[in-house]
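S.K.: Task: produce atomic coordinates for the following.
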Amino acid sequence: MNDDNDAEIIIIIIIIILITISSSGSILKTNISTITLLFVSLLHLLLLLIIMLTINIIIVIIIITIIIIIIIIIIIIIIIIIIIIILTVVVVVVVAVVVVVVVVVVVVVVVVVVVVVLLLLLQFFFPMCLSSF
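M.R.: Numbering: from 1, shown residues only. Predicted coordinates:
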């Protein structure tokens, strides 16, 4: 319901009540049917107010629920993005560490092989060099 329409309906009901009271002359001289009509008009006004309040409360509850659901979805998306970023960084760091370890191992193996080959060559050729003198 629109608030302007609600206000117009309430004003119309109040005008009907005032017309009912003024048509009877005065409140003191009213008869039973006028009092009954006034009471029924007041009950209708009360019922209309209760219906409007109920509809407004339901609309507010629906809007709050939708906002809470949207906030929860946004928080879940942010958490997923943070987890993906953390996992990406961890994977990059692990790959970098593995590459560094492999390079170090290869360099050490190459150095050891070169030293062993040089020592073997030195052991084989050094006596020949000494014997030539």
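
S.K.: After the helix or strand of the chain with the lowest mean pLDDT, heading C-terminal, what element do we hit next?
M.R.: Among the helical and strand segments of the chain, the one scoring lowest on mean pLDDT, DSSP states H and E is helix 3-23, with a mean of 69. From helix 3-23 onward toward the C-terminus, using DSSP states H and E, the following helix or strand is helix 32-132.

S.K.: average pLDDT across that following helix?
M.R.: In this model, helix 32-132 has a mean pLDDT of 88.

S.K.: any idea how far it is from the chain center?
M.R.: On the basis of Cα atoms, centre = their mean, to the nearest Å, the separation between the geometric centre of helix 32-132 and that of its chain is 14 Å.

S.K.: I'd like to know which elements that helix is packed against.
M.R.: Other elements packing on helix 32-132 under the criterion 3 or more Cβ pairs under 8 Å, 6 or more residues apart in numbering; DSSP states H and E are helix 3-23. C-beta coordinates here come from the backbone N, C-alpha and C atoms, glycine included.

S.K.: Tell me the confidence at residue 2?
M.R.: At residue 2, the predicted lDDT confidence score is 55.
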